[in-house]
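A.B. asks: Give me the fold of what follows.
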Amino acid sequence: MIKFKLKRIGRKNVPTYRIVLVESTKSPKSRFIDDIGFYDSVSGKFNVDSEKAKNWISKGAKTSETVYMLFYKAGIVKDAPVKKTKVVIKKEEVKK
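C.D. replies: Numbering: from 1, shown residues only. Predicted coordinates for the structure are as follows:
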């Protein structure tokens, strides 16, 4: 499966990311299929080639949670993002 992921670039303590398309089992640092934009987490700026992104999504590419949020802000995807929540069970609630 092909997936959009963030590839970290930039210097120490100043993270900048490229939005790349890569096989889901591989690291974003490996060879990527396509580079469609960038995201600067310090300033909050990002640039995405929306035509390429829409084309790959129509072909079945998935996104990571962070990339999905960026695509939602850019208007590439229409559905609101759903945050995954952890279920915490306290020891008192667990009865054996």
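A.B. asks: okay, CA-based contacts and neighbour counts for the rest of this
C.D. replies: Will do.
A.B. asks: And the residue nearest to the spatial centre of the chain, which helix or strand is it part of?
C.D. replies: Centroid check for the chain by Cα atoms, centre = their mean gives Val67 as the closest residue, at 2.5 Å. Secondary-structure element containing Val67, defined by DSSP states H and E: helix 65-74.
A.B. asks: Ok, Val14 next?
C.D. replies: Assessed by DSSP H and E, Val14 sits outside every helix and strand.
A.B. asks: check contacts around it.
C.D. replies: Val42 (Cα atoms under 8 Å, 6 or more residues apart in numbering).
A.B. asks: In terms of pLDDT, where does the residue nearest to the centre of the chain sit?
C.D. replies: If you check Val67, the pLDDT there is 87.
A.B. asks: Point out where the chain drops to low pLDDT.
C.D. replies: Filtered on pLDDT under 70, the chain yields the residue ranges 28, 83-96.
A.B. asks: where along it do the strands fall?
C.D. replies: Remark: strands assigned in the chain by DSSP state E are 2-9, 16-23, 34-40, 45-48, 62-63.
A.B. asks: quick check, distance from the first one to the centre of its chain.
C.D. replies: Here strand 2-9 shows a centroid-to-chain-centroid distance of 7 Å under the convention Cα atoms, centre = their mean, to the nearest Å.
A.B. asks: mind listing what it pairs with, with the direction of each?
C.D. replies: strand 16-23 (antiparallel), strand 62-63 (parallel) (DSSP bridges).
A.B. asks: Format those as a markdown table; extra columns: mean neighbour count and distance to Lys73.
C.D. replies: Below are these laid out as a markdown table (neighbours: other Cα atoms under 10 Å; distance: least, Cα to Cα, whole Å):
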| stretch | mean neighbour count | distance to Lys73 |
| --- | --- | --- |
| strand 16-23 | 21 | 14 |
| strand 62-63 | 18 | 14 |
